[in-house]
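A.B. asks: Pasting the sequence and the predicted model now:
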Amino acid sequence: MTRESKEQRYWRRMRESRMRLCLLGLGMLVMFAVMSFRLVAIPFKEPKLDSDRQVSAYSDLFQARADILERNGALLASDLQVSSLNADVPLMRKAGVDLEDAARRLAQSLPQLDEQQLLARLEKGGRFPILQRILPTEAFAVRSLGIPGIHLISRPTRLYPHGDLFAHAVGFVNVDNVGQSGVELSQNSRLQRDQRPIVLTIDELLQHILRKALQEAYEKFEARAACGVILDATNAEILALVSLPSFDPHLPAKITHNQYFNCVVQGNYELGSIFKILTMAMALESGVASFDSIFDVREPIVFSNKKISDIKQSERALSLEEVFVHSSNIGAAMISRDLGAERQQGFLKDFAMLDALPVAFEGKSKPLLSHGSAELRAMTIGFGHGIAVSPLHLASAVAGLVSDGVVRAPSIIKGAYRDEEKPARVISHKTVRDLRRLLFANIQKGTGARAAVDGYALGGKTGTAEKPTRTDEGVRYSQDKVVSSFVGVLPIDAPRYVIFTMLDEPLAQSGDLAAINASRVMVSAVASIFRDLIVARGVRRSVLESDDFQAALGMIEEPVKAAAKISNAEESGTDGSVAGESVVGESVPDDSASRARVAR
């Protein structure tokens, strides 16, 4: 046998390699041809229509949600299974269905359908929904027809039994059953994942009481907005929450921005004199002032060419109690000046007034501070300007300060607060009692006198402030756009409820300033809430002469010196005059009236 030379071996191996490459190329060519044929054929291939499987897959897109309940078990939101009527024309034609006959039979079973319009749609072909939602009796009638290609797809739809009553607390879902606001949004994952109901802290009866009072004031004054909240003073649970204008959660497509906006949680407002509650707590706790302190408020405070004054200038010096009852801006500014900006900021942090609240709502507002001089800002914050907070911030701070000196985060989910998680005390028991004493005095003989209910010890404070508007000359405070508010405590010697109400831009009535009338109405509205709460929850009557009552207000060892009865300063105008800088950081004119700002 002849031995193969190296050259021959080389050429043999080259021929073998070429053969393998040709075979490989031929295989790839065949595979490519098959794949190309399948890609071209797919669009023209008649689909295999498995009606039940398609309907099931479509239904699975709509995820069920758990129920939402109020604290006593009343249903606030729940899923209801409904059917949508759909047509699959390719399947109808494949099954030999007479489209004209099908349209006629469907229209006879469902009077809301127009036979000719339905037939026109069927003749166009394709797959489409005929009706998004039909009644169970109508669904039964359609099934009885037995028309191939006419499907009933069952899916959950969200039902809100109370309509718009709990709109901003509960929220609403979109057409895909996904939360869009309120608890429906903040707890969306939990509501979809866990089918156990979510129980809210809301009390249905208290919600009705708050809504009724606010609705009357809102409509009477044709206000831009109105809002209110009732808190359990002992644990900061939200018992009622109302924001107006409201919306129908069943009609999400019709909800406007103003309706969607939750004033209680998302709004930031300079609240004016109502903030003096916090200033008094700071003064008493720090020792900067006491009930023996005297403040010379006869002249405005001038600081860096800016002026702070009262709407009704006093002709004499005032005691601490009189500064609060008369709602003196000058007195509050003096207290804050003595306290100092650094200590004031420390108290504001302790009172949870500098950060967004950890409550189960999306879009929570964070308080805003004005720019400029720290000393001037500290003085204006003393009477509720230079800082913009949400109504829920103010209400939760007051609840903690008058209850036990512990400021808790407000909650709307039942069980969110636990005793073992009790936060630190921010003011002493003595300061708590002294603060109650001031709030009680204001109801007895001050700006909150109209909220008094015979036989019951109540506490409260009003606030009325002008809103800023932008002009060519900068920010100027409007004389006809105000924010009027009131916070009340029931009962003041053993607080159970803290009620906050507010009107945004109420219109003037009978030619008077909006501030005058709205202040009166807000106090009257809270008086109505007080009376209804007393009846609904059996609040006990107060014995003002008892040792227990006087001890709860710190009156036994140091009785309150009777002050002369005063006129309602805030009913005759706004909170007074202050010069400083607005929250947006622009200078405020020296001669402008009391300041307020809404930051949305």
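C.D. replies: Perfect, I can see it now. These numbers come from a predicted model, not from an experiment. Numbers count the residues shown, from 1 in each chain.
A.B. asks: Going by C-alpha atoms from here, please, whenever you check contacts or count neighbours.
C.D. replies: OK.
A.B. asks: What are the boundaries of the helices in the stretch 101-250 of the chain?
C.D. replies: Using DSSP state H, counting those that start in this stretch, the helices of the stretch 101-250 of the chain run over 115-124, 136-145, 167-170, 182-186, 188-193, 204-220.
A.B. asks: can you list those helices in TSV and add distance to Gly73?
C.D. replies: As requested, the helices of the stretch 101-250 of the chain are exported to TSV (distance: least, C-alpha to C-alpha, whole Å):
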stretch	distance to Gly73
helix 115-124	45
helix 136-145	27
helix 167-170	14
helix 182-186	16
helix 188-193	17
helix 204-220	10
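A.B. asks: right, so of these, which gets closest to Arg298?
C.D. replies: Ranking the helices of the stretch 101-250 of the chain by proximity to Arg298 (C-alpha to C-alpha) places helix 204-220 first, at 35.5 Å.
A.B. asks: what's the neighbour count on the residue lying closest to Val229 once chain neighbours are set aside?
C.D. replies: In space, and not counting its chain neighbours, Val229 is closest to Leu241: 4.5 Å by C-alpha to C-alpha, 6 or more residues apart in numbering. As a burial measure, Leu241 scores 30 neighbours (other C-alpha atoms under 10 Å).
A.B. asks: which stretches of this protein have low pLDDT?
C.D. replies: Within the chain, the segments meeting pLDDT under 70 span 1-62, 417-422, 509-518, 556-600.
A.B. asks: how does it divide into domains?
C.D. replies: As recorded under automatic domain parsing, the domains making up the chain are 54-199, 205-599.
A.B. asks: Please identify the most buried of these.
C.D. replies: domain 205-599 (a mean of 21; mean count of other C-alpha atoms under 10 Å).
A.B. asks: That domain: how far from the chain's middle?
C.D. replies: In terms of C-alpha atoms, centre = their mean, to the nearest Å, the centre of domain 205-599 is set 18 Å apart from its chain centre.
A.B. asks: what's the answer for stretch 178-194, then?
C.D. replies: Computed by C-alpha atoms, centre = their mean, the chain-centroid distance of stretch 178-194 equals 15 Å.
A.B. asks: Export it to PDB, keeping only CA atoms.
C.D. replies: In PDB, the C-alpha atoms belonging to stretch 178-194 read as follows (Å, rounded to 0.1, in the frame of the first residue of the first chain):
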ATOM      1  CA  VAL A 178     -56.000  49.600  41.300                       C
ATOM      2  CA  GLY A 179     -56.000  52.200  44.200                       C
ATOM      3  CA  GLN A 180     -55.700  55.800  43.100                       C
ATOM      4  CA  SER A 181     -56.100  57.800  46.400                       C
ATOM      5  CA  GLY A 182     -56.700  57.500  50.100                       C
ATOM      6  CA  VAL A 183     -56.200  54.100  51.800                       C
ATOM      7  CA  GLU A 184     -57.100  52.400  48.500                       C
ATOM      8  CA  LEU A 185     -53.800  53.800  47.200                       C
ATOM      9  CA  SER A 186     -51.500  53.700  50.300                       C
ATOM     10  CA  GLN A 187     -52.600  50.100  51.100                       C
ATOM     11  CA  ASN A 188     -53.000  48.900  47.500                       C
ATOM     12  CA  SER A 189     -50.500  46.000  47.700                       C
ATOM     13  CA  ARG A 190     -51.900  44.800  51.000                       C
ATOM     14  CA  LEU A 191     -55.500  45.000  49.700                       C
ATOM     15  CA  GLN A 192     -54.600  42.900  46.600                       C
ATOM     16  CA  ARG A 193     -52.300  40.500  48.500                       C
ATOM     17  CA  ASP A 194     -54.200  39.800  51.700                       C
END
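A.B. asks: Contacts for that stretch, please.
C.D. replies: Applying C-alpha atoms under 8 Å, 6 or more residues apart in numbering, the external contacts of stretch 178-194 come out as 63-67, 167-174, 197-198, 360-362.
A.B. asks: let's see it at 6 Å
C.D. replies: 65-66, 168-173, 360-362 (C-alpha atoms under 6 Å, 6 or more residues apart in numbering).
A.B. asks: With distance to Phe324 added, can I get these in a markdown table?
C.D. replies: A markdown table is the format used below for these (distance: C-alpha to C-alpha, whole Å):
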| residue | distance to Phe324 |
| --- | --- |
| Arg65 | 50 |
| Ala66 | 48 |
| His168 | 34 |
| Ala169 | 34 |
| Val170 | 37 |
| Gly171 | 39 |
| Phe172 | 42 |
| Val173 | 45 |
| Ala360 | 34 |
| Phe361 | 34 |
| Glu362 | 35 |
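A.B. asks: What is the nearest of those to Val543?
C.D. replies: Checking those against Val543 by C-alpha to C-alpha gives Ala169 as the nearest, at 36.7 Å.
A.B. asks: Relative to Gln187, how far out is the closest one?
C.D. replies: Look at Ala169 and Gln187: by C-alpha to C-alpha, to the nearest Å, they are 12 Å apart.
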